[in-house]
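1. 3D, please:
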Amino acid sequence: MNDECFRKSLIEITDKNLLNNFVNEIFGYDLKNDQYVYIQYKIVHENIVINIYDNSYNNRFKAFIFTTNSNLESNGDIKYININHCYNSYKNNVIDSKLDLIGSLLISKSNDEKKEIISKLFDNDIKNILFKYFIT
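-> This is a model prediction of the structure:
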């Protein structure tokens, strides 16, 4: 899994004040420039866990867990993203969301695939950051 590439990308995205744009695009938020979120990134049992704390709207908390375990079911505040399913959807050109593309990016091994996935995700500074860390 490309977890270290993802972690380094998120650090630079945060450092360049692009985190709200990233969260809006990937996780479906509608944050304004003056609103802030806190993201916690961790690896738990070979799963990437992204916890998002947003105090803009009633202190909402969401967890997004990128996993290879297909037996886990999402509920209101926890969303499991099966990266194998995401990758298969990408390969079959049946992409439901940008979250699925991130899942695909986490498991893709081909630089050509990574470039294509990243280009479908962003066309701005975030794209360049992802290229920097994912394309080897």
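
2. N24: what's it in contact with?
-> 30-31 (CB atoms under 8 Å, 6 or more residues apart in numbering). Glycine gets a C-beta too; all of them are placed from N, C-alpha and C.

3. 10 Å instead, please
-> 30-32, 37 (CB atoms under 10 Å, 6 or more residues apart in numbering).

4. now swap in E4 and tell me
-> When contacts are counted by CB under 10 Å, 6+ apart, E4 is found next to 43, 133.

5. would you say it is within a helix?
-> Yes. Secondary structure assignment places E4 in a helix (DSSP: H, G, I helix; E, B strand; the rest coil).

6. now do it against D96, distance only.
-> Between E4 and D96 the computed distance is 26 Å (CB to CB, to the nearest Å).

7. residue ranges with poor pLDDT in the protein?
-> 56-59 (pLDDT under 70).

8. for it, which segments count as strands?
-> 37-44, 47-54, 60-67, 78-82 (DSSP state E).

9. of those strands, which is nearest N20?
-> strand 37-44 (7.0 Å; CB to CB).
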